[in-house]
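Novice: structural data only, the sequence is not supplied:
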């Protein structure tokens, strides 16, 4: 078996990043952290060079003062200057500028994720729509271990919102539906994601034992977003890189990353974190092929190959319905005759049916979907030809 690997180290800077007279770069620097102001750097990067953006911008929390627990101990909240704006208008201007610069970087079929809380996400959503982004989903991250409401004057704030948007309404964006379904024990992935805050061993601490970053997100959150909306080798950009969670997950999944961060302390933490992740990845373990993109196999091919024969009896999973295979690749059940999909829908009085998963073979008293035979034929087609 041939083993393919993705060498993340060899993806860094293929060619020299040239700074033109106007400050623009004519080649995207892959797997690097770019230090500086996010808007200036976004505006300098090559147009339509990024597949996905994940952004965790300042929330503009508008904290009025220190928050204390009932025992009078101080809550370690977000008090950094980067989260402070004098007015909503100032915050809206900042949001419009970085989102406009980000949209220029997205490839025509690229997508963006923006996470926020009730303090900012509605203002961000308005700007996204005003700039021409097309909203695909709003995903609610339900925190299993939220910070309690110490004053008891509001509901405990137990969620944040992620807006997932394509660059435009016409974008043919990536969505790895089958991977998300497999990740969710073969059930469709919903838009409410239940997972804990970043705590314990995952939480990065400084030399003083305090949090290295006040709003570090759990890797599980980024894992799901990146796996859903990109493919191996795609470029994921984070304009508010912080301690590098986006880059860490992208590297583990065989994607390239570009981080933008102005705080040198955060950059140092992120660089150390990224250096600890192996560069070589088995491509067979991170690829997420879509069933819709697999070769089409007509049911009649199974009959032609002798995998099923005329007269063989198919059963439904509950064994309530049966059908016989015909020589021309159709099936017949009672008065219904047609394709496996048509007859499956007819016997159930349903508008549609996936005949590949509905009709089964009786294997030692156990119904086994005929899709197993289709997968065997697909595997044969995908086998490399001898040289």
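Specialist: Yep, it's here. The shown structure was predicted, so the numbers you read here are calculated from the model rather than taken from an experiment. Numbers count the residues shown, from 1 in each chain.
Novice: element containing the residue nearest the centre of the chain, please.
Specialist: Nearest to the mean C-alpha position of the chain, by C-alpha atoms, centre = their mean, lies residue 225 at 2.4 Å. Per DSSP states H and E: residue 225 is located in helix 219-229.
Novice: paired strands for whatever helix or strand comes next after that helix, with orientation please.
Specialist: Per DSSP H and E, the first helix or strand lying C-terminal to helix 219-229 is strand 235-238. Partners of strand 235-238 in the sheet, by DSSP bridges, are strand 50-55 (parallel), strand 256-261 (parallel).
Novice: can you pull out the residues in contact with strand 235-238?
Specialist: 28, 30, 49-56, 102, 105, 226, 230, 246-247, 250, 255-260 (C-beta atoms under 8 Å, 6 or more residues apart in numbering). For every residue, glycine as well, the C-beta is placed using N, CA and C.
Novice: can you rerun that using 6 Å?
Specialist: If you take C-beta atoms under 6 Å, 6 or more residues apart in numbering as the criterion, strand 235-238 is touched by 50-54, 246, 250, 255-259.
Novice: next one: stretch 262-269
Specialist: Outside stretch 262-269, the residues that touch it by C-beta under 6 Å, 6+ apart are 33, 35-37, 204, 212, 242-243, 261.
Novice: domains for the chain, by residue range?
Specialist: 5-64+77-292, 294-382 (automatic domain parsing).
Novice: mean pLDDT for these: which is lowest?
Specialist: Looking at those, the lowest mean pLDDT belongs to domain 5-64+77-292 (a mean of 87).
Novice: just checking the distance from it to the centre of its chain.
Specialist: Chain-centre distance of domain 5-64+77-292: 10 Å, with C-alpha atoms, centre = their mean, to the nearest Å.
Novice: could you dump the strands paired with strand 235-238 to TSV with mean neighbour count?
Specialist: Formatted as TSV, those follow (neighbours: other C-beta atoms under 10 Å):
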stretch	mean neighbour count
strand 50-55	25
strand 256-261	25
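Novice: thinking again about what came up before, nearest residue to the residue nearest to the centre of the chain other than its sequence neighbours?
Specialist: residue 113 (5.2 Å; C-beta to C-beta, 6 or more residues apart in numbering).
Novice: who's in contact with the one you found?
Specialist: Applying C-beta under 6 Å, 6+ apart to residue 113 gives the contacts 54, 162, 164, 225.
Novice: pretty sure it is in a strand, no?
Specialist: Yes - going by DSSP: H, G, I helix; E, B strand; the rest coil, the assignment for residue 113 places it inside a strand.
Novice: tell me the spacing between it and residue 53.
Specialist: Using C-beta to C-beta, to the nearest Å, we find residue 113 at a distance of 7 Å from residue 53.
Novice: swap in residue 296?
Specialist: Remark: distance between residue 296 and residue 53 (C-beta to C-beta) = 34 Å.
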